[in-house]
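Trainee: Got a sequence here, can you build the structure:
(chains A and B)
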Number of protein chains: 2
Amino acid sequence: MNDVTSTEAERHRAKMEKRKTVQDAEVASKTVEKGLLIVHTGAGKGKSTAAFGLALRTLGHGARVGVVQFIKGAWHSAERDALETFGDRVAWYTMGEGFTWETQDLARDIASARRAWEQACALMADPSIGLVILDELNIALRYDYLPLDEVIATLQARRKGLHVAITGRNAKPALVEAADLVTEMTLVKHHFKAGVKAQKGIEF
Amino acid sequence: MNDVTSTEAERHRAKMEKRKTVQDAEVASKTVEKGLLIVHTGAGKGKSTAAFGLALRTLGHGARVGVVQFIKGAWHSAERDALETFGDRVAWYTMGEGFTWETQDLARDIASARRAWEQACALMADPSIGLVILDELNIALRYDYLPLDEVIATLQARRKGLHVAITGRNAKPALVEAADLVTEMTLVKHHFKAGVKAQKGIEF
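Mentor: Residues are numbered from 1 along each chain as shown, chains lettered A, B, ... in the order given. All right, here's what the predicted structure looks like:
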């Protein structure tokens, strides 16, 4: 199959030429510039990881990145260790005290969500920052630790040009409605099912 | 809603205590250690971005990362610029010559896929590397630029402990079968639909 006949080659060329015309017209039809409100949700892996990948992209363009972790505590910090290489170009705040089933304390969870949200607002107001990652904000919203209307109104009133990426399962429909870009990470297959434990470099 | 009554607080605590028991049992039941074969597929955004997020995690643990881009050419290099901060801890190879509808040349696409695969094999053999990202390999497999059986057999015979992350739409069913962890990035909502163009920090 690695031997290409001239008929195949020509058919491929014609098909791809046509596709390029469609693609170029598509690209030309998009003209709006804006900072995006991005949501990564779903039961699959990659929600936070893709947000940290976006951080790399922003850093590659020379802007600063802000990160607020709403739920996670000390756990899972290898990305943070790596991002420390960028010095003060990454402002990272771990405000959560762990999963809700670890704290088992509703009032404490609400108080830490509120502190995290205040930190998020400060980062969104900082003009040196091009991307703010609100990691696991969806969890805080799902458990009603924060008032949804207030959060959405503040997100919508953000600085022009600022990208905000929100992660966590069970994104609220009103947040999905307000967002520009929503991806659901769908679990197709997970190694935990096969008895494989959390692996260094993957889960932590 | 931010005022917690003692009944609510107790109900929450009891529920979360129960959840923690389930969670701890789950974690304890996983014992296998292995390098994972990971696939990010689907029409949504975040497939490559999540793979680059995993790169951060690997770098945070002190291991090296190898990247081979099978399809993309010079386009989209802000992640690469950012990862260059890590010096020779990231080995990055852009082997593709652009999208198939840009090259319009089947024989050339096959030849560049083959060169990319040889580079991938060299990285997988390098014991200093903890994660190899095969970006858009799914596209090369979908167009039969590479023999699927050979690719899967080589991936399955990889070094113990090596994580490999493969990205691209339309992952072949046999590859999904062989993988440990498969996430489908599902498109829920995309700003292109609203006429918003590719944004710095998001698409490039």
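
Trainee: Give me the contacts around stretch A:189-198.
Mentor: Outside stretch A:189-198, the residues within contact range by C-beta atoms under 8 Å, 6 or more residues apart in numbering or on different chains are A:45, A:199, A:204, B:26-27, B:29-34, B:36, B:176, B:179-182. Every C-beta, even on glycine, is put in place using the N, C-alpha and C of the backbone.

Trainee: In helices, which of those residues fall?
Mentor: Among those, the subset assigned to helices under DSSP state H consists of B:Glu26, B:Val27, B:Val176.

Trainee: Quick check: the spatially most central residue of chain A vs A:Ala165, distance?
Mentor: Computing the C-alpha centroid of chain A and ranking residues by C-alpha atoms, centre = their mean puts A:Ala51 first, at 3.3 Å. Using C-beta to C-beta, to the nearest Å, one gets 4 Å for the distance from A:Ala51 to A:Ala165.

Trainee: Mind listing the shared neighbours of these two?
Mentor: Overlap between the neighbourhoods of A:Ala51 and A:Ala165 consists of A:Ile38, A:His40, A:Ile133, taking contacts as C-beta under 8 Å, 6+ apart.

Trainee: And the last one, its phi and psi?
Mentor: In this entry, A:Ile133 is assigned phi and psi values of phi -100, psi 120 (degrees, to the nearest 10).

Trainee: The helix or strand containing A:Phe52 and chain B, are they touching?
Mentor: Applying DSSP states H and E as the criterion places A:Phe52 in helix A:47-60. Yes - shown here: helix A:47-60 in contact with chain B (C-beta under 8 Å from any C-beta of the partner chain) through A:Ser48, A:Thr49, A:Ala50, A:Ala51, A:Phe52, A:Gly53, A:Leu54, A:Leu56, A:Arg57, A:Thr58, A:Leu59, A:Gly60.

Trainee: What is the nearest of those to B:Ser77?
Mentor: Set against B:Ser77, the nearest of those by C-beta to C-beta is A:Gly60 (7.4 Å).

Trainee: Tell me who's in contact with the residue lying closest to the closest one once chain neighbours are set aside.
Mentor: The shortest distance from A:Gly60 to any non-neighbouring residue, by C-beta to C-beta, 6 or more residues apart in numbering or on different chains, is to B:Ala78 (3.2 Å). Residues touching B:Ala78, when contacts are defined by C-beta under 8 Å, 6+ apart, comprise A:Leu56, A:Arg57, A:Thr58, A:Leu59, A:Gly60, A:His61, B:Lys200, B:Gly201, B:Phe204.

Trainee: Enumerate every residue touching the fifth one.
Mentor: In other words, A:Gly60. By C-beta under 8 Å, 6+ apart, the contact list for A:Gly60 reads B:Ser77, B:Ala78, B:Glu79, B:Arg80, B:Asp81, B:Ala82.

Trainee: Now a PyMOL select for only the buried ones of these.
Mentor: Selecting the buried subset of the contacts of A:Gly60 in PyMOL, with 16 or more other C-beta atoms under 10 Å in any protein chain shown as the burial test, is done by:
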select buried, chain B and resi 77+78+79+80+82
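
Trainee: Can you lay out the contacts of A:Gly60 as CSV showing secondary structure?
Mentor: Putting the contacts of A:Gly60 into CSV (DSSP: H, G, I helix; E, B strand; the rest coil) gives the following:
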residue, secondary structure
B:Ser77, coil
B:Ala78, helix
B:Glu79, helix
B:Arg80, helix
B:Asp81, helix
B:Ala82, helix
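
Trainee: elements contacting the helix or strand where A:Ala165 lies?
Mentor: Using DSSP H and E, A:Ala165 sits within strand A:163-167. If contacts are counted by 3 or more C-beta pairs under 8 Å, 6 or more residues apart in numbering or on different chains; DSSP states H and E, strand A:163-167 sits against strand A:37-41, helix A:47-60, strand A:129-135, helix A:137-142.
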